[in-house]
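Student: Show me how the following folds:
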Amino acid sequence: MLPVTMNIPIQWLSEASQIVNAISVVVLVLVTWYYARTTKRILRESEKMRQAAERQATYAASQANSAQESLNILRGQIENLLGLGSSVVCTAIDSTIRNIEDWKKLDISHNLATAKYFPPSSGILPGNAQTVLEHARKISNECVSLLNDAFSDLRTAQNYIEMLKQGGGPYFNPSKYDPAPFLTTAFSKLQEARKFVY
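Tutor: Down below sits the predicted model:
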């Protein structure tokens, strides 16, 4: 038996090819649409999760701040009950004056070129400065004012020391950042504040 050959007209093949192409395009469009819709839904869910995480972090930070404030209030009340308020202020003034004296011995204004070798400036200001001010309020308004001004001067001196330690570019002028005047004024304000406590 001889094989049967079919003569399919080329026009039919062309039309069949166009139909297959059209179906392929439709399928491709549907797949792309489904993918875009799914991606959009995933992005929307991710955004909701991010917002929830931000709200939770804000709430946790708020709770931590509230707990810290409560702890500070409780510590202040305990210190007051024990009569430690003026003792806290005295100790802070004395230790800060000693720190300033140590920094003055470095003769900063004459050693600006070696500023990067200065010790850490973090010890200039008492770590419990806020607590000291709270206790000082119960002693005298003038004492609080003097301590507040002294601590402000010490913060400026601390910033200047850090600027000097970091140095700068060719136009950096170290004499503009001399902390010595601020240490001197803080020292005299602390001496004045000391009179209200002793």
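
Student: And the helix or strand hosting residue 184, what's buried?
Tutor: According to DSSP states H and E, residue 184 maps onto helix 180-197. The neighbour-count check on helix 180-197 (16 or more other C-beta atoms under 10 Å) flags 180, 182-183, 185-187, 189-190, 192-194, 196-197 as buried. The way it works is simple: take the backbone N, C-alpha and C, and place the C-beta from them, glycine included.

Student: Which residues does it contact?
Tutor: With C-beta atoms under 8 Å, 6 or more residues apart in numbering as the contact definition, helix 180-197 has outside contacts at 86, 89-90, 93-94, 96-97, 100-101, 103-104, 108-109, 124, 136, 139-140, 142-143, 146-147, 149-151, 153-154, 156-157, 160.

Student: that older thread, if we take the buried residues of helix 180-197, which one ends up nearest to residue 18?
Tutor: Residue 18 lies nearest to residue 182 out of the buried residues of helix 180-197, by C-beta to C-beta, at 85.8 Å.

Student: Next one: the closest one relative to residue 145, how far apart?
Tutor: According to C-beta to C-beta, to the nearest Å, residue 182 stands 17 Å off from residue 145.

Student: Please, which helix or strand holds the most centrally placed residue in the chain?
Tutor: Taking C-alpha atoms, centre = their mean, the centroid of the chain lies closest to residue 61, which sits 12.8 Å from it. Residue 61 belongs to helix 10-81 when assigned by DSSP H and E.
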